[in-house]
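Q: sharing a model prediction with you, sequence too.
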Amino acid sequence: MKPYILCHMVQSVDGRIDCDMVDKISGDEYYSTLDSFDCPTRIEGKYSYQLHHCGFEDFKPGTTGTSIKEESFFIANKCDGYEISLDNPGTLLWDNSDNNNRLCIVSEKATVQYLDYLKEKGISYIATGKDKIDLPRAMEILYIEFGVKRVAVVGGGKINGAFLEAGLIDELSLLLAPGIDGRTGQPALFDGISFKNFKPKNLILQDISKFDNGMVWLKYKF
């Protein structure tokens, strides 16, 4: 049991997804198309949150920090839609703004002190996976315990790759922006899969549409 999972992204013609780059070759189509889906719960990776929300300073539990080493979850608030971060070790810092719809997914390597910190901030969490987040199990808990039926995964590339590798994605919504990046080492739409025998995924094209500025919107089913 899991939510229906949509991956929604915008990329350059050469498959790169760097935010500063795609901002220069696209308009606001990304957000307007995302809002057209019934996916009020959205997932981003740790780097995306560091870059846009939290900064790069880490939570420090002190010398007494101890890993939880067991699965757990905490529901601070029941919401129609959650803003979810994936943070394997549990180190993202949060301010005192409205955290009612915030949900952090961490591994069991996260410390007791960090989970207490999330509770103090009024932030929900799911902790599962011994060495890294167990994504299938996290999605099961999200569905059963939090009542989330639909999720939009909105990057970055390694988070998209992790969901792809785990076989969790049901639909891909891809905006192809009319521009080329070309820089070495930039993140790709799906990235970071380490399993050498991983086979390419065949997709079923559902729809194609275009915008006046040359943006093309592709919808695929898995």
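A: Thanks, I have the structure now. Numbering: from 1, shown residues only.

Q: where in the chain is pLDDT low?
A: Counting by pLDDT under 70, the chain has low-confidence residues at 62-64.

Q: where exactly do the helices run in it?
A: Per DSSP state H, the chain carries helices over the ranges 19-25, 29-35, 46-49, 112-120, 135-144, 157-165.

Q: including distance to residue 194, could the ones you listed go into JSON lines?
A: The C-beta positions use only the backbone N, C-alpha and C, and glycine is treated the same way. As requested, the helices of the chain are exported to JSON lines (distance: least, C-beta to C-beta, whole Å):
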{"stretch": "helix 19-25", "distance to residue 194": "24"}
{"stretch": "helix 29-35", "distance to residue 194": "28"}
{"stretch": "helix 46-49", "distance to residue 194": "17"}
{"stretch": "helix 112-120", "distance to residue 194": "26"}
{"stretch": "helix 135-144", "distance to residue 194": "14"}
{"stretch": "helix 157-165", "distance to residue 194": "8"}
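
Q: hey, which of these is tucked in deepest?
A: Most buried of these by mean neighbour count (mean count of other C-beta atoms under 10 Å) is helix 157-165; its value is a mean of 21.

Q: start and end of stretch 96-111, how far apart?
A: Separation of the first and last residues of stretch 96-111 by C-alpha to C-alpha, to the nearest Å is 21 Å.

Q: ok, and what's touching stretch 30-41?
A: Here stretch 30-41 makes contact (C-beta atoms under 8 Å, 6 or more residues apart in numbering) with 3, 6, 8, 10, 22, 80-84, 142, 148, 150-152, 154, 173, 175, 217.

Q: can you check stretch 79-92 too?
A: 39-46, 49-50, 54, 58-59, 100-107, 109-111, 114-115, 124, 127, 132-133, 142, 146, 148, 151, 159, 162.

Q: picking that back up, now the buried members of the contacts of stretch 30-41.
A: Using 16 or more other C-beta atoms under 10 Å as the burial test, the contacts of stretch 30-41 include 3, 6, 8, 10, 22, 81-84, 142, 148, 150-152, 154, 173, 175, 217 as buried.

Q: so which of these are in strands?
A: Taking DSSP state E as the definition of strands, those contribute 6, 8, 10, 83-84, 150-152, 173, 175, 217.

Q: residue 70: neighbour count?
A: 9 (other C-beta atoms under 10 Å).

Q: spit out the contact partners of it.
A: Contacts here follow C-beta under 8 Å, 6+ apart; on that basis residue 70 touches 108, 127.

Q: same thing but 10 Å
A: With contact set as C-beta atoms under 10 Å, 6 or more residues apart in numbering, residue 70 has these partners: 108, 127-128, 130.

Q: make a ChimeraX selection of whichever of these turn out to be buried.
A: The ChimeraX command for the buried members of these (criterion: 16+ other C-beta under 10 Å) is given here:
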select :108,127,128
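
Q: looking at the contacts of residue 70, spot the one nearest residue 206.
A: Closest approach to residue 206 among these (C-beta to C-beta): residue 128, at 31.9 Å.
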